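>>> Here you go, sequence then predicted model.
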Amino acid sequence: YDMSGNVWEWCWDWYDKSYYKSSPSSNPRGPNRGSRRVSRGGSWFSYDDYCRVASRYDNSPGGSSLNLGFRIVRTIK
């Protein structure tokens, strides 16, 4: 489900500002390591331009905020 605009969503990817300049065009997985993680999608506290899946931001892995969360994903058997 598209939950853009609810809270920034934590992603598994490490953040690299220039990663997409040299990444694979299909299913890029992000760099192998880093010091900051990717969050996507904007939140209720963001300007409307940020409330889209392509919107990316970097956060400290230990950081927290009222407008930052995660989505639980489960495979179907």
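Done, it's in.

>>> tell me the strands in this protein, going along the chain?
Along the chain, counting by DSSP state E, strands occupy 8-14, 37-40, 56-59, 68-69.

>>> Of those, which stretch is the most buried?
Among the strands of the chain, strand 37-40 has the highest mean neighbour count (mean count of other C-beta atoms under 10 Å), at a mean of 20. (Glycine included, C-beta is placed from N, CA and C.)

>>> What average pLDDT does that strand get?
Mean pLDDT, computed over strand 37-40, is 90.

>>> what's that strand in contact with?
Residues from elsewhere that reach strand 37-40, judged by C-beta atoms under 8 Å, 6 or more residues apart in numbering: 8-15, 30, 53-61, 68.

>>> And stretch 58-67, by the same measure?
By C-beta under 8 Å, 6+ apart, stretch 58-67 touches 7-8, 10, 15, 17, 35-39, 43-46, 68.

>>> again, only this time at 6 Å
When contacts are defined by C-beta atoms under 6 Å, 6 or more residues apart in numbering, stretch 58-67 is touched by residues 7, 8, 15, 36, 37, 39, 43, 45.

>>> Straight-line length of it, end to end?
Terminal residues of stretch 58-67 lie 14 Å apart, using C-alpha to C-alpha, to the nearest Å.

>>> What residues sit buried inside it?
58, 59 (16 or more other C-beta atoms under 10 Å).

>>> So what's the gap between that stretch and the chain middle?
Chain-centre distance of stretch 58-67: 11 Å, with C-alpha atoms, centre = their mean, to the nearest Å.

>>> Could you do stretch 59-69 as well?
Distance, stretch centre to chain centre, for stretch 59-69: 11 Å (C-alpha atoms, centre = their mean).

>>> From residue 77, how far out is residue 8?
If you measure residue 8 against residue 77 using C-beta to C-beta, to the nearest Å, the figure is 30 Å.
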